[in-house]
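Asker: Fold the stuff below for me.
(one chain, ligands or ions: 2)
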Amino acid sequence: MSDSDDKQQRKDAKHKAAMQKQKAKVDARIEEASLERGVAVLVTGNGKGKSSSAFGMVLRALGYGMKVGVVQFIKGKQLSGEEIFLRDRLPEVDFHQMGTGFTWNTQDRSGDIAAARETWEQARRMLADPAYDLVVLDELTYMIGYDYLPEQEILDAIANRPREQSVVVTGRGGGAALQELVDTVSEVKDVKHAFRAGIKARRGVDF
Ligand code: ATP
Ligand code: MG
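Answerer: Ligands and ions are numbered 1, 2, ... in the order given. Below you'll find the predicted structure:
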């Protein structure tokens, strides 16, 4: 056996031992997790990937035939692939978008608030209905940040939702109280974005 073979074998054995140790740790933790209930997830931060993460969970839930509701709190000028797909091909998903009012371009605060209220009523209805297994509240954090919706009302509706229901909130910020309330918080970090290199938002990737 050559020196390099010997070295490789020792490396393999060390790797195997480390992996076994890691597996034992993970198995023990899985064993300890005993609660079975829906989870509340917040995907926040300045990087790209918040809404697309939420729609990834929509796909997962649909795979199990679960009932899904989606409420989008910002209406962009731009249609998105997920909107087209849900509306045209998945009418069983209860999809709502803030119809009028808030975009980054309107400066009509009272109009925005009225639209936010109307949209929130859809979300509140879903959060009170045990038929929904997964509810996505896309870009909801801005409604809290701009004080368009009463924060406490949002926190209460999420906290008091049916036990088996999961909820995903996306958007930058969101505040300490929301972070405290939910079970999982992920912050997507903006390391680099194509936009800053002058690359246009891409169909199928960005919208
Ligand atoms: P996505 O929908 O792609 O998951 P997101 O939900 O994390 O993105 P939003 O703030 O909702 O981010 O904005 C959506 C759009 O803005 C997407 O086209 C995305 O590529 C773009 N975007 C997100 N983060 C950044 C950033 N840091 N700089 C520039 N553009 C961004
Ligand atoms: Mg988003």
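Asker: make it CA atoms for all contacts and neighbour counts henceforth
Answerer: OK.
Asker: Which helix or strand contains residue 113?
Answerer: In the assignment (DSSP states H and E), residue 113 maps to helix 109-127.
Asker: This protein against ligand 1: which residues are in contact?
Answerer: Proximity of the chain to ligand 1 is assessed by CA under 6 Å from any ligand atom, with 46-52, 190, 193, 195, 201, 206-207 identified as the residues in range.
Asker: Mind checking which of those residues land in helices?
Answerer: Members of the residues of the chain next to ligand 1 lying in helices (criterion: DSSP state H): 50-52.
Asker: Are we agreed that residue 107 is in a helix?
Answerer: No - the assignment for residue 107 by DSSP: H, G, I helix; E, B strand; the rest coil gives coil, which leaves it out of any helix.
Asker: how far does the worst-scoring helix or strand of the chain on mean pLDDT sit from the chain's center?
Answerer: Least confident helix or strand, the chain: helix 3-32 with a mean of 87, by mean pLDDT, DSSP states H and E. Per CA atoms, centre = their mean, to the nearest Å, the displacement of helix 3-32 from the mean C-alpha position of its chain is 33 Å.
Asker: list the helices and strands it packs on?
Answerer: In terms of contacts (3 or more CA pairs under 8 Å, 6 or more residues apart in numbering; DSSP states H and E), helix 3-32 is packed against no helix or strand at all.
Asker: Pull the contacting residues for the residue most central in space within the chain.
Answerer: With distances taken as CA atoms, centre = their mean, residue 54 lies nearest the centre of the chain, 3.4 Å away. Taking CA atoms under 8 Å, 6 or more residues apart in numbering as the contact definition, residue 54 lies against 43, 136, 138, 168-170.
Asker: For my notes, confirm it occurs in a helix.
Answerer: Yes - secondary structure assignment places residue 54 in a helix (three-state DSSP).
Asker: got a pLDDT number for it?
Answerer: In this model, residue 54 is scored at 98, pLDDT.
Asker: same question, residue 42
Answerer: Reported pLDDT at residue 42 in the predicted model: 98.
Asker: So what touches the helix or strand where it lies?
Answerer: Under the criterion DSSP H and E, the helix or strand holding residue 42 is strand 40-44. Under the criterion CA under 8 Å, 6+ apart, residues 50-51, 53-54, 158, 166-174, 179, 182-188 lie in contact with strand 40-44.
Asker: before we move on, the earlier item: from the chain's centroid, how far away is the helix holding residue 113?
Answerer: Helix 109-127 has its average C-alpha position 19 Å from the chain's average C-alpha position, going by CA atoms, centre = their mean.
Asker: okay, and for this structure, where does confidence drop off?
Answerer: Per-residue confidence of the chain (counting by pLDDT under 70) places the weak regions at 1, 75-77, 100-106.
Asker: Pop the domain breakdown of it in here.
Answerer: Structurally, the chain divides into domains by automatic domain parsing as follows: 1-34, 39-197.
Asker: Return the most buried member of these.
Answerer: Between the domains of the chain, domain 39-197 has the highest mean count of neighbours, a mean of 17, where neighbours are mean count of other CA atoms under 10 Å.
Asker: For residue 178, give its distance to ligand 1.
Answerer: Distance, residue 178 to ligand 1, by CA to the nearest ligand atom, to the nearest Å: 18 Å.
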